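Student: Next come a sequence and a model predicted from it.
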Amino acid sequence: MAAAWAPLAALALLYFVAAKYARYDPADESPRWPLAARLGAAGFLIPPLLPLSLCLVVSYLLRAERNLSRYLYDYD
């Protein structure tokens, strides 16, 4: 039974990390979560919203990669 929850837990963890770094700004101490991000987080608890969460994971991963590229690469 626990093995069935492992992929969902990993996906939820990936969602929250991607959502955090998609909006990362060092000057902002506590960014607010937009409504779409809140609904995406609720998708892991309410099954009909799970497709929204999956779409937001992809969107947030792309935005996080673009947002963090200036911090990840060393420009000498």
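Tutor: All right, it came through fine.
Student: so what's the backbone phi/psi at D25?
Tutor: Backbone torsions of D25, given as degrees, to the nearest 10, read phi -140, psi 120.
Student: The longest helix along the chain - contacts with which helices or strands?
Tutor: Taking DSSP state H as the assignment, the helix of the chain that covers the most residues is helix 50-72. Here helix 50-72 touches helix 2-22, helix 35-42, going by 3 or more CB pairs under 8 Å, 6 or more residues apart in numbering; DSSP states H and E. Where C-beta positions appear, they are placed from N, C-alpha and C, glycine not excepted.
Student: out of those helices, nearest to E65?
Tutor: helix 2-22 (8.7 Å; CB to CB).
Student: just so I know, which of the helices and strands packed on helix 50-72 lies nearest E29?
Tutor: helix 2-22 (13.1 Å).
Student: coming back round to it: so what's the model's average confidence on the longest helix of the chain?
Tutor: If you average the pLDDT over helix 50-72, you get 89.
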